[in-house]
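J.: got a predicted structure here, sequence first:
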Amino acid sequence: MSYSYKRILTVQDISCVGQCSLTVALPILSAFGCETCILPTGILSNHTAKDFHGFTFQDTTAYFPAIFDKWKENDITFDCVYTGYIGNKEQISAILEGLSLNRGKLIVDPAMADNGRLYTGFDDDFVAEMKKLCDRADILLPNLTEACLLTGTPYKETWTPREIRALCSSLGRSVILTGVPCGDKIGVAICNDEDFTLYRHKRIPRSLHGTGDVFSSVFVGEYLRSGDDLAAAKKAARFVVRCIEHTDADHWYGAMFEPFLRTL
């Protein structure tokens with residue numbers, strides 16, 4: 001096996017229809033040349049957008065201990081663990097116990113909130129448990145709402161660059177903060193021990209499901225390739241913009257990212 005051939009475990013839900021979570025992460029990470037292993041946190045018929053006529057859901061928490069035990073029995077380890085949407089706090093506890101299988105970076109997208117509100121089904125207890133996972137992370141990929149929840153910072157619509165830097169610094173590790181308002185543009189803040197950069201890019205006046213998952217997955221793939229968090233964040237932001245711009249107007253349930261996988 002070559003040094004560059006990474007085995008990644010990504011921990012997210014599967015929406016069988018709807019371009020988000022594992023149906024985004026698996027093809028994108030594979031396009032970067034990574035062996036992509038999965039731990040599904042739930043199985044949905046389709047994602048939860050109101051434009052679908054409901055959805056089915058199967059919780060997978062009960063399977064976690066046996067899966068981890070079998071991986072340990074077979075001496076399976078991972079070069080990186082990348083977590084996305086986690087269904088409940090019990091899953092977080094199990095993931096924390098299973099991190100002994102990780103021999104590389106832990107990258108956490110604390111997918112639990114947006115636009116100043118927690119996602120349906122999550123509460124303060126879930127946030128507290130998510131903080132434990134984030135405390136173990138090497139890199140965090142929160143949006144603005146999630147960063148506020150993790151730090152106890154009041155959410156607001158308008159921020160100065162100094163306030164954004166302070167928010168990132170309060171998380172105490174390398175942070176890639178998305179959804180930063182920058183006037184007529186939108187920004188990604190890249191903050192680590194060495195530097196702070198606010199990368200501003202084009203704001204598309206259209207919201208699509210799963211674009212956060214696209215961003216995080218491209219970031220992880222590029223970061224593992226280059227080791228450069230700023231370059232990875234820029235590549236991820238540009239890729240998302242391109243996908244949104246080329247998504248058909250009647251394709252409402254996700255971004256049409258697949259035609260651009262070859263560019264990764």
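T.: Thanks, I have it.
J.: which parts of the chain are strands?
T.: 7-15, 35-44, 57-59, 78-83, 102-108, 113-114, 117-118, 139-140, 174-182, 185-191, 196-202 (DSSP state E).
J.: what's the closest of those to R262?
T.: Nearest to R262, of all the strands of the chain, is strand 35-44, at 16.9 Å by CB to CB. Using the backbone N, CA and C atoms, a C-beta is placed for each residue, glycine as well.
J.: ok, the closest one: who's next to it in the sheet?
T.: Its sheet considered, strand 35-44 pairs with strand 7-15 (parallel), strand 57-59 (antiparallel) by DSSP bridges.
J.: how about these in TSV, adding mean pLDDT?
T.: Below are these laid out as TSV (pLDDT from 0 to 100):
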stretch	mean pLDDT
strand 7-15	97
strand 57-59	93
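J.: how about the ones you listed, which one is nearest P161?
T.: strand 7-15 (31.2 Å).
J.: how about the residue nearest in space to the middle of the chain, what does it touch?
T.: For the chain, D109 is the residue whose C-alpha lies nearest the centre (CA atoms, centre = their mean; 3.6 Å). Going by CB atoms under 8 Å, 6 or more residues apart in numbering, D109 touches 82-84, 140-142, 212-213, 216.
J.: now for these, which pair is the farthest apart?
T.: The widest separation within the contacts of D109 (CB to CB) is 15.4 Å, between L140 and D213.
J.: ok, those two, which is more surrounded?
T.: Between L140 and D213, counted using other CB atoms under 10 Å, D213 has the larger neighbour count: 28 against 25.
J.: what number of residues lie near K185?
T.: Applying other CB under 10 Å, I find that K185 has 12 neighbouring residues.
J.: please read the previous query as pertaining to E97.
T.: E97: 12 neighbours (other CB under 10 Å).
J.: roughly how far apart are the residue of the chain most remote from its centre and G98?
T.: Note on the chain: the largest C-alpha distance from the chain mean falls to E73, namely 28.7 Å (CA atoms, centre = their mean). The gap separating E73 from G98 is 13 Å, by CB to CB, to the nearest Å.
J.: I76 too?
T.: For I76, the distance to G98 - CB to CB - is 11 Å.
J.: got it, and F57?
T.: Distance from F57 to G98, by CB to CB: 22 Å.
J.: of these two, which one has the most company?
T.: G98 (21 against 13).
J.: which one is that one nearest to, not counting chain neighbours?
T.: F68 (4.4 Å; CB to CB, 6 or more residues apart in numbering).
J.: can you check the pLDDT for that neighbour?
T.: We have a pLDDT of 96 for F68.
J.: hey, what's the closest residue to V220 other than its chain neighbours bridged with?
T.: Ranked by CB to CB, 6+ apart and with sequence neighbours excluded, the top spatial neighbour of V220 is Y82, at 4.9 Å. When bridges are called by DSSP bridges, Y82 pairs up with T10, I107.
J.: coming back round to it: ok, the residue farthest from the centre of the chain to A94 distance?
T.: 17 Å.
J.: and F32, what does it touch?
T.: Here F32 is in contact with 221-222, 224-225, 264 (CB under 8 Å, 6+ apart).
J.: recalculate using a threshold of 7 Å.
T.: Neighbouring residues of F32 by CB atoms under 7 Å, 6 or more residues apart in numbering: 221, 225, 264.
J.: dump those into CSV; add pLDDT and neighbour count as well.
T.: Formatted as CSV, the contacts of F32 follow (pLDDT from 0 to 100; neighbours: other CB atoms under 10 Å):
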residue, pLDDT, neighbour count
G221, 97, 27
R225, 94, 17
L264, 94, 19
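J.: and of those, the nearest to Y63?
T.: For the contacts of F32, the nearest to Y63 is G221 (26.5 Å; CB to CB).
J.: what pLDDT does the model give the nearest residue to the closest one once chain neighbours are set aside?
T.: Leaving aside its chain neighbours, G221 sits nearest to F32 (3.3 Å; criterion: CB to CB, 6+ apart). With respect to pLDDT, F32 has a value of 96.
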